[in-house]
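Engineer: Structural data only, the sequence is not supplied:
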């Protein structure tokens, strides 16, 4: 699987949320958090299509883009690479680093406890 760049991941997050969209809609959503030029978004999405990350279909004179890779598969692949490269494959080191450096909400801790409890069953 091709690992998306940070800019490609931002586009994928938009498309994972809405399913499919024209470049202008994606650019508008990206521009809510930081200034992004339309042509930059267009070029990135064209490259993503060439890489197989996005598909596209014609809609009149414009195109509608959609993700070709699943969010869960992408996250799993990227996490596996991080686990191997930064933590030598140690899941416990990854979790301790993650939970030890940031404030974790009670809700998140409860979700983690439930998840771990279910794994033990």
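Structural biologist: Now that the structure is in, tell me what you want to look at. Just so we're clear, the structure is a prediction, and the values are computed from it rather than from any experiment.
Engineer: so who does residue 102 touch?
Structural biologist: By C-beta atoms under 8 Å, 6 or more residues apart in numbering, no residues touch residue 102. No exception for glycine: its C-beta is placed from N, CA and C like everyone else's.
Engineer: residues of the helix or strand of the chain with the lowest mean pLDDT that come out buried?
Structural biologist: Least confident helix or strand, the chain: helix 91-101 with a mean of 88, by mean pLDDT, DSSP states H and E. Across helix 91-101, burial judged by 16 or more other C-beta atoms under 10 Å covers residue 94.
Engineer: by contact count, what packs against that helix?
Structural biologist: helix 71-87 (3 or more C-beta pairs under 8 Å, 6 or more residues apart in numbering; DSSP states H and E).
Engineer: Return the distance of the helix it packs on from the chain's centre.
Structural biologist: Distance, stretch centre to chain centre, for helix 71-87: 11 Å (C-alpha atoms, centre = their mean, to the nearest Å).
Engineer: got a pLDDT number for residue 82?
Structural biologist: pLDDT for residue 82: 93.
Engineer: need the contact list for the nearest residue to it once chain neighbours are set aside.
Structural biologist: Residue nearest to residue 82 in three dimensions, not counting chain neighbours: residue 94, with 7.5 Å by C-beta to C-beta, 6 or more residues apart in numbering. Residue 94 makes contact with 82, 83, 86, 87, according to C-beta under 8 Å, 6+ apart.
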